[in-house]
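> sequence isn't available, so here's the structure alone:
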């Protein structure tokens, strides 16, 4: 199974909530990975190897989600900073 990146459009003010959802999704996946290892049979080494490989693939998805969250939040903060600088330049109070 291969993965694809998609783009979604959301209202600007909901961006922090969307980032929170991405982070929560990543935490949930990590918890599942840890739980799967805890519940595994340690003496079935072939099964452990398969689980490790499967979990490495899942971690790639977690990393991709966290990268998305990072980039979205970075863009959001840069836009907020730009808007505040423009307000200061026009003598309006900042919105933070």
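Looks like it came in fine. Keep in mind the model is a prediction, meaning the values are calculated, not measured.

> what packs against the strand or helix carrying residue 21?
Secondary structure from DSSP states H and E places residue 21 in helix 15-39. In this structure, helix 15-39 packs against helix 45-89, with contacts taken as 3 or more Cβ pairs under 8 Å, 6 or more residues apart in numbering; DSSP states H and E. In this view, the C-beta of every residue, glycine as well, is placed from N, C-alpha and C.

> helices or strands next to the helix it packs on in the packing?
Helix 45-89 packs on helix 15-39, going by 3+ Cβ pairs under 8 Å, 6+ apart.

> who touches the helix it packs on?
10, 51, 55, 58-59, 61-62, 65-66, 68-69, 72-73, 76 (Cβ atoms under 8 Å, 6 or more residues apart in numbering).

> and those, which of them are buried?
Among those, those buried by neighbour count (16 or more other Cβ atoms under 10 Å) are 51, 55, 62, 65, 66, 68, 69, 72, 73.

> which residues touch the fifth one?
Spelled out, that is residue 66. 22, 23, 26.

> do the second one as well
Contact criterion Cβ under 8 Å, 6+ apart gives 33, 36, 37 as the residues in contact with residue 55.

> from residue 27, how far out is residue 54?
19 Å (Cβ to Cβ, to the nearest Å).

> of the buried ones among the contacts of helix 15-39, closest to residue 83?
Within the buried ones among the contacts of helix 15-39, the smallest distance to residue 83 is 15.5 Å, found for residue 73 (Cβ to Cβ).
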